[in-house]
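Student: Only the shape, not the letters, is given here:
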């Protein structure tokens, strides 16, 4: 009897009531996370090992198990693998696009942050203008770029270049292999450099000014101050911004799809996942392609963390 009384008091104690209330308050968030994050992720892994198409979509949980066949089909698909200098395949194109666009994004963000870190008239307005590409809806800015690069003579770029006599005939810029990839990389850097700029600018404003004063007293010019004072102070924020933008760019679907639809040498793994799943209706193959994309990202993350942790250990 005494033992049961202790259990009741424990169940009715203030600590137990607070714990139950905490779980009740957390339950909606946990359900949302499970429904929108955990279950789709686990289901995608399961889907990648099963043959799922329009024929058995109404009974997907009884789809036949095919092991690694979906992965083999993806790797052997002409749209995925390297076909030669004129057709890199989605895997190599994704790496080139993501790494190049991320490097350019960080570089432009660094230059913009250095400019905005100085005091000048209208600096607040300049900061607001620089943020426009990042805060504007992706659909609107993508279609503005498509309008500028329209292949017809009425396209802005074609019209200006023809008026200047630099070209004789209008060009289809987004339909030219090679040039189309360069343009989507430039679009990516233009759209997302404000994110890098904000992160870098925040770190720049936190650097102790006495470091620059000491460097100036030692005879260091502006370039030496930037190389030996600014860059070392920005090393970790640059690395963090690079990693975040690399992950986000590697997963980007809407930018390329809205500009080129993945054609003309710009097909990347996220677009290829969409094509496998919703154009070929091979959902198992699409899930396998998504898992390959995930594994490549994990490889990037492991390499980055090992390099960063090594620098941290060396400084400690």
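Tutor: Yep, it's here. It should be emphasised that the depicted structure is a prediction, and the values quoted were computed from it without experimental measurement.

Student: What's the mean pLDDT across stretch 132-147?
Tutor: Per-region confidence: stretch 132-147 scores 92 on mean pLDDT.

Student: Tell me where the model's unsure across the stretch 201-316 of the chain.
Tutor: With pLDDT under 70 as the threshold, the stretch 201-316 of the chain has low-confidence stretches at 308-316.

Student: Helices of that one, start to end?
Tutor: Using DSSP state H, counting those that start in this stretch, the helices found in the stretch 201-316 of the chain span residues 209-217, 222-225, 231-250, 254-259, 269-278, 283-315.

Student: Any buried residues in the helix or strand hosting residue 181, and which?
Tutor: Secondary structure here is read from DSSP states H and E; on that basis residue 181 sits in helix 179-204. Within helix 179-204, the residues that qualify as buried are 179-181, 183-185, 187-201, 203-204, counting by 16 or more other Cβ atoms under 10 Å. Bear in mind the C-beta positions are built from the backbone N, C-alpha and C, glycine included.

Student: next one: stretch 266-273
Tutor: Using 16+ other Cβ under 10 Å as the burial criterion, the residues of stretch 266-273 that qualify are 266-273.

Student: Stretch 122-141 now?
Tutor: Buried residues in stretch 122-141, defined by neighbour count with 16+ other Cβ under 10 Å: 130, 133-134, 141.

Student: In CSV: those residues, plus distance to residue 162.
Tutor: CSV is the format used below for these (distance: Cβ to Cβ, whole Å):
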residue, distance to residue 162
130, 31
133, 27
134, 32
141, 25
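
Student: These into CSV, with extra columns for secondary structure and distance to residue 260?
Tutor: Supplementary listing: the buried residues of stretch 122-141 in CSV, determined by DSSP: H, G, I helix; E, B strand; the rest coil; distance: Cβ to Cβ, whole Å:
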residue, secondary structure, distance to residue 260
130, helix, 26
133, helix, 19
134, helix, 21
141, helix, 15
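
Student: now the helix holding residue 181 against helix 231-250, angle please.
Tutor: Relative orientation of helix 179-204 and helix 231-250, computed by axes from the mean of the first three to the mean of the last three Cα atoms, to 10 degrees: 140 degrees.

Student: can you give me how far stretch 56-67 is from the chain middle?
Tutor: The gap between the average C-alpha position of stretch 56-67 and the chain average comes to 32 Å, counting by Cα atoms, centre = their mean, to the nearest Å.

Student: For it, list every residue counted as buried.
Tutor: Under 16+ other Cβ under 10 Å, the buried positions of stretch 56-67 are 63, 66.

Student: so what's the most centrally placed residue in the chain up against?
Tutor: Central residue check for the chain by Cα atoms, centre = their mean: the C-alpha nearest the mean position is that of residue 248, 1.3 Å away. When contacts are counted by Cβ atoms under 8 Å, 6 or more residues apart in numbering, residue 248 touches residue 192.

Student: Likewise for the one 3 residues further on?
Tutor: Shown here is residue 251, whose contacts under the criterion Cβ under 8 Å, 6+ apart are 270, 293, 297.

Student: any idea how far it lies from residue 45?
Tutor: Counting by Cβ to Cβ, to the nearest Å, the separation of residue 251 from residue 45 is 17 Å.

Student: Could you do residue 269 as well?
Tutor: In this structure, residue 269 and residue 45 are separated by 16 Å, where distance is defined by Cβ to Cβ.

Student: Over to residue 151?
Tutor: When residue 151 is compared with residue 45 (using Cβ to Cβ), they lie 42 Å apart.

Student: and if you look at residue 296?
Tutor: Taking Cβ to Cβ as the measure, residue 296 and residue 45 are separated by 16 Å.

Student: likewise residue 23?
Tutor: Taken as Cβ to Cβ, the spacing of residue 23 relative to residue 45 amounts to 28 Å.

Student: Between these two, tell me which one has more neighbours.
Tutor: It is residue 45, of residue 23 and residue 45, that has more neighbours when counted by other Cβ atoms under 10 Å, with 14 against 10.
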